[in-house]
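J.: Provide a 3D model corresponding to the input given below.
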Amino acid sequence: MHTVYIIFSPSADRYFIGQTKNLPITLWQHNAKTNPATADGKPWEVKFTRQFDTRNEALSLEMKLRNKDRAHLEELISEAQAAS
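T.: Residues are numbered from 1 along each chain as shown. Predicted coordinates for the structure are as follows:
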């Protein structure tokens, strides 16, 4: 399974979108500052996930989300949290 995720950094007040096969390890890497794109945002919190059978499906959603503005991401997160 491949997971598309949105994480949020309260300290940097920003979102980061990615995809992974192992979310716990990826989140640990973001919080361990091993990714230069997220090194300044510790601690990162998972706000949204969606799983896919193939990496291509996950990459497709990741690219679509990266082109959305903050309001759209927050709406998506709110809808996902309300549904769970």
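J.: give the rounded mean pLDDT of the helix ranked longest in the chain.
T.: For the chain, the helix with the greatest residue count under DSSP state H is helix 70-83. Per-residue confidence for helix 70-83 averages out to 93 on the pLDDT scale.
J.: contact partners of it?
T.: Under the criterion C-beta atoms under 8 Å, 6 or more residues apart in numbering, residues Ile6, Tyr15, Ile17, Lys47, Phe48, Arg50, Leu65, Lys68 lie in contact with helix 70-83. Just so you know, the C-beta spots here come from the backbone N, C-alpha and C atoms, and that holds for glycine as well.
J.: of those, which pair is most distant in space?
T.: With distance counted by C-beta to C-beta, no two of the contacts of helix 70-83 lie farther apart than Tyr15 and Arg50, which are 14.7 Å apart.
J.: tell me the SS of Pro36?
T.: Under the three-state scheme (DSSP: H, G, I helix; E, B strand; the rest coil), the conformation of Pro36 reads as coil.
J.: tell me, how many residues neighbour it?
T.: Residue neighbour count, defined by other C-beta atoms under 10 Å, stands at 7 for Pro36.
J.: got it, and Phe16?
T.: With other C-beta under 10 Å as criterion, Phe16 counts 18.
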